[in-house]
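>>> Mind looking at a prediction? Sequence and model below.
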Amino acid sequence: MGREPGIVRTYLRVGTLFELQYRVNFFLQLVQSLVALGTAVAVIALVFSYTDDLAGWSPYELLVIVGVHVLLGGVIRAFIQPSMQRLMEDIREGTFDHVLVKPADAQLLASVQQFSIWQLVDVVVGAAVIAVAVANLDTGLGPLDAGAFALTLVLGAVTIYCFWLLITVGAFWIVRMEFVAELFNGLYQAGRWPVTIYPAWLQIGFTVLIPLAFAITVPAEALTGRLGGTMVLAALGFTAAIVAVTRWAWRRGLRRYDGASA
């Protein structure tokens with residue numbers, strides 16, 4: 001276990017050096033992030049031009065949701081999605097052997113083999129939006145609220161990683177899985193709104209099948225004074241369960257991999 005942090009740092013350093021060759025991508029990503037944010041804020045303004053609250057959420061509380069959505073989206077596109085897409089390609093082309101022969105955990109290596117540094121612009125933008133929204137809230141937030149937010153945000157990132165990996169390991173059984181990225185990106189947009197505004201059946205789907213509730217709504221609830229201890233425990237339990245299921249699915253998938261050396 002002692003080698004894992006060093007392996008992760010090495011991959012991140014190499015990936016950063018590669019991405020820094022294309023610095024114009026920073027400005028492109030910044031423009032894209034600001035346009036997406038402006039669109040989200042305009043939609044919120046339009047909604048609240050007809051109502052004073054949305055399912056009990058005020059404008060600035062919804063802005064917290066938007067901030068968490070943007071921030072976590074940056075984490076996904078920077079660290080999770082690039083490696084998952086690379087993993088799908090390696091499995092399909094039979095080139096995953098170069099990961100399996102390395103003297104380290106294959107799941108760890110597959111999860112950090114590629115990332116996009118410029119997507120971290122969304123993390124900064126999302127954090128700024130959260131700060132502005134919280135500063136305009138009437139709810140007094142204490143250290144416990146901040147701690148609960150940090151904890152649930154990390155748990156949310158882990159659940160999204162596991163969700164991505166669970167879908168990606170389907171490539172061990174199904175050859176063509178390229179549609180997954182577009183499918184996930186489309187579904188992820190639903191997370192810009194609290195899951196409580198959706199019908200009951202969608203709330204269940206966005207909590208259990210696609211964990212947008214634990215990934216986005218729950219951290220936002222910590223900053224808006226809505227989060228209780230029971231939900232924190234539920235987030236911990238759900239994360240532990242999905243991590244275990246993901247590890248099991250990963251090992252089952254590896255048994256089906258033939259590879260170029262088979």
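Received it, and whenever you're ready, just let me know what you need.

>>> For Val68, give its distance to Leu100.
36 Å (C-beta to C-beta, to the nearest Å). For every residue, glycine as well, the C-beta is placed using N, CA and C.

>>> Neighbour count: the two, which is higher?
Ranked by neighbour count (other C-beta atoms under 10 Å), Val68 and Leu100 place Val68 first, with 30 against 14.

>>> Roughly how far does that one sit from Gly126?
For Val68, the distance to Gly126 (C-beta to C-beta) stands at 7 Å.

>>> next one: Trp164
Per C-beta to C-beta, Trp164 is found 19 Å from Gly126.

>>> do the same with Ala40
Taking C-beta to C-beta, one finds Ala40 at 11 Å from Gly126.

>>> and Ile204, how many neighbours does it have?
13.

>>> wait, is it part of a helix?
Yes - under DSSP: H, G, I helix; E, B strand; the rest coil, Ile204 falls within a helix.

>>> What sits closest to Trp250 if chain neighbours are left out?
Gln107 (5.3 Å; C-beta to C-beta, 6 or more residues apart in numbering).

>>> That neighbour: what's it in contact with?
Shown in contact with Gln107 (C-beta atoms under 8 Å, 6 or more residues apart in numbering): 165, 247, 250.

>>> Now render those residues as TSV, adding distance to Leu30 and secondary structure.
Below are the contacts of Gln107 laid out as TSV (distance: C-beta to C-beta, whole Å; DSSP: H, G, I helix; E, B strand; the rest coil):
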residue	distance to Leu30	secondary structure
Leu165	29	helix
Arg247	37	helix
Trp250	35	helix
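
>>> where in the stretch 101-250 of the chain is pLDDT low?
175, 177-178, 181 (pLDDT under 70).

>>> Try it again at 90.
Under the criterion pLDDT under 90, the flagged ranges of the stretch 101-250 of the chain are 101-122, 135-146, 166-213, 224-231.

>>> Would you map the helices across this structure?
4-19, 24-47, 59-75, 81-93, 97-100, 106-112, 120-135, 143-168, 179-188, 200-204, 212, 218-223, 229-256 (DSSP state H).
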